[in-house]
Every structure is written in C-alpha cells, then in structure tokens.
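J.: Model the following, please.
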Amino acid sequence: MSHHLLTITAPAAFIRSNDHTHWRNRHTLTASWRGAAAWAAKGQHLPKFGMGPVTIAATVHRSDARKFDLDGIAPTVKACIDGLRDAGVLAEDHWGVITELTIRRGEQWADAALVLSITEQEAVA
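T.: Residues are numbered from 1 along each chain as shown. Below is the predicted model:
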C-alpha cells in the first residue's frame, strides 16, 4: 500500500458550496484549482494510480484563522481531483476508484493550500 502527498498552493480563493457567485467567476475559480492540481501532480511526479482503488484525505490549510464549514470546501476538492484526472494520475474519479474521501481542517499556513493524501488500496477480487 503506497501513500503520496500532493500539496496544491492556492491559485485563487477556495471554491465554496455556499458562495453564490456568478457562474463565470465560479468557472474561473474551478479552472484555476483544476489546473493547479494537474500542474502540481506533474511537478511533484505523482505516480499513476489508474483505476485504483485509492482513498483521498484532503487537508485544508488556510492563511487566516477564520472558522469555515468543512463540507463547504468540497467544490475545491472536486476541482483538484478532476485535475488529477487531467494529469493522468487517476483514470476515473467515481466510487469504484476513490473508495473514501475525507476533508479535514489543517493548520494556519502563510499561504493557503490544499494537501491531498492519496493512499493506494489493495484491489478487492
């Protein structure tokens, strides 16, 4: 079972599910996170997990100490997972490939970031 960390420094504000911004702004944020995740995966030489199965734990590190809803950050996590697909790290992102997804609060960092901890699981026969 292998374990890999991918750190994505915030290219833009976190995408929040309870933020009702204009669709064009939301699309721009999504593209920024998705692209940043793909570039980070390639730059950090993340291996290809193919069809998994894998578990992913997303740790949110903010640059401020404000409280936030963990489930509200899910659109940012989704954009980053889509970036992993774009980079060829994951062949798909459905429940058969990602068997568990966890979102947790991290520490306060100087620069906001999302850290994805990807753990390869043994395939079930």
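
J.: how far is the longest strand along the chain from where the chain is centred?
T.: Longest strand in the chain by number of residues (criterion: DSSP state E): strand 98-108. Between the centre of strand 98-108 and the centre of its chain there are 9 Å (Cα atoms, centre = their mean, to the nearest Å).

J.: what do you get for stretch 34-52?
T.: 10 Å.

J.: Likewise for stretch 73-93?
T.: With Cα atoms, centre = their mean, you get 6 Å for stretch 73-93.

J.: go on, stretch 110-125?
T.: 8 Å.

J.: Okay, now the unreliable bits of the chain?
T.: Within the chain, the stretches with pLDDT under 70 are 1, 22, 124-125.

J.: quick one, helices of it?
T.: Assigned helices in the chain, in chain order: 23-43, 74-86 (criterion: DSSP state H).

J.: Which among these is found nearest to A13?
T.: helix 23-43 (6.4 Å; Cβ to Cβ). Using the backbone N, CA and C atoms, a C-beta is placed for each residue, glycine as well.

J.: which helices and strands sit right next to that closest one?
T.: Other elements packing on helix 23-43 under the criterion 3 or more Cβ pairs under 8 Å, 6 or more residues apart in numbering; DSSP states H and E are strand 3-9, helix 74-86.

J.: and the angle for that helix with strand 3-9?
T.: Computed by axes from the mean of the first three to the mean of the last three Cα atoms, to 10 degrees, the angle separating helix 23-43 from strand 3-9 equals 130 degrees.

J.: Can I get helix 23-43 in PDB? Just the C-alpha atoms.
T.: Provided in PDB are the C-alpha atoms of helix 23-43 (Å, rounded to 0.1, in the frame of the first residue of the first chain):
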ATOM      1  CA  TRP A  23     -21.300  31.200 -12.700                       C
ATOM      2  CA  ARG A  24     -18.400  32.800 -14.800                       C
ATOM      3  CA  ASN A  25     -16.500  33.600 -11.600                       C
ATOM      4  CA  ARG A  26     -17.100  30.200 -10.200                       C
ATOM      5  CA  HIS A  27     -15.900  28.600 -13.500                       C
ATOM      6  CA  THR A  28     -12.700  30.700 -13.400                       C
ATOM      7  CA  LEU A  29     -12.000  29.600  -9.800                       C
ATOM      8  CA  THR A  30     -12.700  25.900 -10.700                       C
ATOM      9  CA  ALA A  31     -10.400  26.100 -13.700                       C
ATOM     10  CA  SER A  32      -7.600  27.700 -11.500                       C
ATOM     11  CA  TRP A  33      -7.800  24.900  -8.900                       C
ATOM     12  CA  ARG A  34      -8.100  22.100 -11.500                       C
ATOM     13  CA  GLY A  35      -5.100  23.400 -13.400                       C
ATOM     14  CA  ALA A  36      -3.100  24.000 -10.300                       C
ATOM     15  CA  ALA A  37      -3.700  20.400  -9.200                       C
ATOM     16  CA  ALA A  38      -2.700  19.000 -12.600                       C
ATOM     17  CA  TRP A  39       0.500  21.000 -12.600                       C
ATOM     18  CA  ALA A  40       1.300  20.100  -9.000                       C
ATOM     19  CA  ALA A  41       0.800  16.400  -9.700                       C
ATOM     20  CA  LYS A  42       3.100  16.500 -12.700                       C
ATOM     21  CA  GLY A  43       5.700  18.700 -10.900                       C
END
